[in-house]
Structure formats: C-alpha cells, structure tokens
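Enquirer: predicted coordinates and the sequence they were generated for:
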Amino acid sequence: GDSVTQMEGPVTLSEEAFLTINCTYTATGYPSLFWYVQYPGEGLQLLLKATKADDKGSNKGFEATYRKETTSFHLEKGSVQVSDSAVYFCALSDLETSGSRLTFGEGTQLTVNP
Amino acid sequence: EAGVTQFPSHSVIEKGQTVTLRCDPISGHDNLYWYRRVMGKEIKFLLHFVKESKQDESGMPNNRFLAERTGGTYSTLKVQPAELEDSGVYFCASSQAHSRYTEAFFGQGTRLTVV
C-alpha cells in the first residue's frame, strides 16, 4: 500500500537558519504530494502541493519539489522565523488506487528559537 | 466563508462510556473525511463520505466506531464503548471535488482522552 516517511523529529533551529524536512513516499499509482502544517491550537492547513513530477510547490517561503526518480518531496525554507514553529506533515493522495483520501507521514515538530 | 467546524474541541471520558464527535463541513462540499492521530503518530484515514453515502470505510478500526452523515450535511462519529486506545485527535476534512488537484480543508480536531 501507499506510505509516507518523514525525517524523525523534533527539529530545533535558531531564527534565520535553513530548514530541510525530508519526506519520501511509496505509491502504487501516480500520487499528488502535499505538505500540511498545524500551528499550535489550530487545525491542519495546506502549505503547498505538487501534482506531477518536477513540479515545485511554494508558499510562505517554503518550497518542495516532486522528485519521481527519488520518490521524494523534501520541504525547504531558506530562513525560518519563530512563527514557523509548528508540526509539519507530508502527505500523498493516490487517486487511482486509494481514491481521494490522504496518506500522511508521522509529522515533524519544528521549534524555532529567537 | 466558515471553515470546517468540529465539536467538541476536547472530550475526556471514562473507559466504557460513549462519545459522539461532530463535524460541520464547508457548505457545498460533498466529500467529508474522518482521520485520527494517535499518540503523536501519523494521521490515519478512517472513512470518506460522498454526500450521505459511505464511499470508503476501510480505515475504521472496529465496530465500536459508527459514522453517519445525515442528509449529506454534518457528520457524527460515535465511539461506543470507548477504550483506552481510542485516545487521540480526531480530524474532519471536507473537499468540493474529487480530483488530484483538490484541496481538503481540515477542522481543528477533537482531542479525545479515554481514562
């Protein structure tokens, strides 16, 4: 079945540091890939997405590129802020094999210190 | 426009009791999903409604869980009787279409603690 593997957390960085959160996936079909974020006390929000190979999703300074050859969708940001502290989830949907439901990774807790 | 709303935000119940969680999707969204995150692990799919019909309930853990979506509007998820391992955060999500470009909108979740 489909699965998503995220780098183990938690991750603690200083403000303005470079962020990478690794995400790899296994899918039977040709999935769409997503990063969701959960800020403290809030629900999940879509951060960015990519629907085909080599697409780059971007939002709020975050980027991730759909790499079919390495089955990866790593999240990056050049300079993190304290307000980026949250839990980040990598996810996929594989319409052909499992419909529109999302398969998530375990989440990565990011803490950014001033 | 109102987002996805879940009630209650927190619930603490004793083992063996019954709890009902409610989800109000975004108006006009035919697709409604329930997910659960247990013990800080991955968020797992429970089931998917299209309007009032269960499209996929393959993620429901056992027959103590019952989901309904009356009239294709709001949905309830009942756990009866609750067990300790049911503790976790239950998320509801809704979406309008059924395609690889569709975004699912999530509620804030209900944190369920079974003691």
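Expert: In hand now; what should we look at? All values derive from a computational prediction rather than experimental measurement.

Enquirer: residue contacts, the spatially most central residue of chain B?
Expert: Chain B has B:Trp34 as the residue nearest its centroid, 3.2 Å off, counting by Cα atoms, centre = their mean. Counting by Cβ atoms under 8 Å, 6 or more residues apart in numbering or on different chains, B:Trp34 makes contact with B:Cys23, B:Phe45, B:Leu46, B:Leu47, B:Ala67, B:Ser75, B:Leu77, B:Tyr90, B:Phe91, B:Cys92. In this view, the C-beta of every residue, glycine as well, is placed from N, C-alpha and C.

Enquirer: repeat that for A:Ser3.
Expert: Listed by Cβ under 8 Å, 6+ apart, the contact set of A:Ser3 reads A:Tyr25, A:Thr26, A:Thr103.

Enquirer: from the contacts of B:Trp34, list the ones also adjacent to chain A.
Expert: Among these, the ones lying near chain A by Cβ under 8 Å from any Cβ of the partner chain are B:Phe45, B:Phe91.

Enquirer: let's see which of the contacts of B:Trp34 end up in strands.
Expert: Secondary structure defined by DSSP state E assigns B:Cys23, B:Phe45, B:Leu46, B:Leu47, B:Ala67, B:Ser75, B:Leu77, B:Tyr90, B:Phe91, B:Cys92 of the contacts of B:Trp34 to strands.

Enquirer: neighbour count added to those, as CSV?
Expert: Listed next are the ones in strands among the contacts of B:Trp34 as CSV, based on neighbours: other Cβ atoms under 10 Å in any protein chain shown:
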residue, neighbour count
B:Cys23, 25
B:Phe45, 22
B:Leu46, 22
B:Leu47, 21
B:Ala67, 19
B:Ser75, 23
B:Leu77, 24
B:Tyr90, 23
B:Phe91, 26
B:Cys92, 28
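
Enquirer: now, which of the contacts of A:Ser3 sits nearest chain B?
Expert: The shortest approach to chain B among these belongs to A:Thr103, at 7.1 Å (Cβ to the nearest Cβ).
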